[in-house]
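*Asks:* Quick check, what structure comes out for this input:
(2 chains)
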Amino acid sequence: DIQMTQSPSTLSASVGDRVTISCRASQSISSWLAWYQQKQGKAPKLLIYKASTLESGVPSRFSGSGSGTEFTLTISSLQPDDFATYYCQQYNSYLYTFGQGTKLEIK
Amino acid sequence: EVQLVESGGALVQPGGSLRVSCAASGFTLSNYSMNWIRQAPGKGLEWLSYISTSTRTKYYADSVKGRFTISRDNAKNSLYLQMNSLRAEDTAMYYCARPRRYDLDAVDIWGQGTMVTVSS
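*Replies:* Below is the predicted model:
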């Protein structure tokens, strides 16, 4: 199975900050990577697919990059609504795997 | 509105069985492969199972292989997960999940989840 490793596990930041979350795959997954945002008590929400394509309706302050085994999610200017947990997920294989999550907290 | 609604979650004793369901609306379920994904309390997301549109192909995570069975009824626009030999570590919110474009893809539609608690 493909292992996904996210870092950091927790990130403290302030409104207006630029933040970056990293995700590493245990083998090449081309660009078959998605990023999700999850708020407490809610289902995950798709933000980015194919490593860098923004899902419809997602604010442009979110961006993704990378290919192969190294990927990043960047939020250019944090808004109050962005404090949540973020997950990466590979879909290079039908056996989806997720990163362990990054909790973005208010500093 | 495109929607998935899970049901059937409950409190079950260890060793017991349960079937959870997922009703699709706003789209034609038969056009999409489908997945079950779960999340234990305070933990991350764990993919469990995949079923193709025709039901010919099914995949399972090692953690549930041999205990869980995925199925679908396209005529009823429904997806199911039969869970047997339940363990305490199966306690989780169970989500059905639809890929963006029919098959192997990011998940763009999630249900609200149904809670399964395994405890004596």
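*Asks:* Quick one: residues contacting residue B:16.
*Replies:* Shown in contact with residue B:16 (CB atoms under 8 Å, 6 or more residues apart in numbering or on different chains): B:86, B:118. All C-beta atoms are positioned from the backbone trio N, CA, C, and that covers glycine.
*Asks:* do that again at 6 Å, thanks
*Replies:* Residues in contact with residue B:16 (CB atoms under 6 Å, 6 or more residues apart in numbering or on different chains) are residue B:86.
*Asks:* Let me know the pLDDT of residue B:92.
*Replies:* pLDDT, residue B:92: 98.
*Asks:* Count the residues that sit near it.
*Replies:* For residue B:92, the count of nearby residues is 22 (other CB atoms under 10 Å in any protein chain shown).
*Asks:* what does residue B:114 give?
*Replies:* Using other CB under 10 Å, residue B:114 has 22 neighbouring residues.
*Asks:* Give me the nearest residue to the residue nearest to the spatial centre of chain A, chain neighbours excluded.
*Replies:* The geometric centre of chain A, computed from its C-alpha atoms, lies nearest to residue A:35 (CA atoms, centre = their mean), at 3.7 Å. Leaving aside its sequence neighbours, residue A:35 sits nearest to residue A:48 (CB to CB, 6 or more residues apart in numbering or on different chains; 4.3 Å).
*Asks:* which residues sit against the helix or strand harbouring residue A:36?
*Replies:* For residue A:36, the element it lies in under DSSP states H and E is strand A:33-38. By CB under 6 Å, 6+ apart, the surrounding residues in contact with strand A:33-38 are A:44-49, A:51, A:64, A:71, A:73, A:84-90, B:106.
*Asks:* just the CA coordinates of that strand, formatted as PDB?
*Replies:* C-alpha atoms of strand A:33-38 as PDB (Å, rounded to 0.1, in the frame of the first residue of the first chain):
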ATOM      1  CA  LEU A  33      -3.300  13.700  -5.000                       C
ATOM      2  CA  ALA A  34      -6.200  15.500  -3.300                       C
ATOM      3  CA  TRP A  35      -6.500  17.800  -0.400                       C
ATOM      4  CA  TYR A  36      -9.500  18.000   2.000                       C
ATOM      5  CA  GLN A  37     -10.600  20.300   4.700                       C
ATOM      6  CA  GLN A  38     -12.500  18.900   7.600                       C
END
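*Asks:* What strands flank it, and is each parallel or antiparallel?
*Replies:* Strands adjacent to strand A:33-38 in the sheet, as given by DSSP bridges, are strand A:45-49 (antiparallel), strand A:85-90 (antiparallel).
*Asks:* hey, which of the ones you listed is tucked in deepest?
*Replies:* Of all these, strand A:85-90 carries the top mean neighbour count, a mean of 25, counting by mean count of other CB atoms under 10 Å in any protein chain shown.
*Asks:* Show me how far that strand is from its chain's centre.
*Replies:* Taking CA atoms, centre = their mean, to the nearest Å, one finds strand A:85-90 lying 5 Å from the centre of the chain it belongs to.
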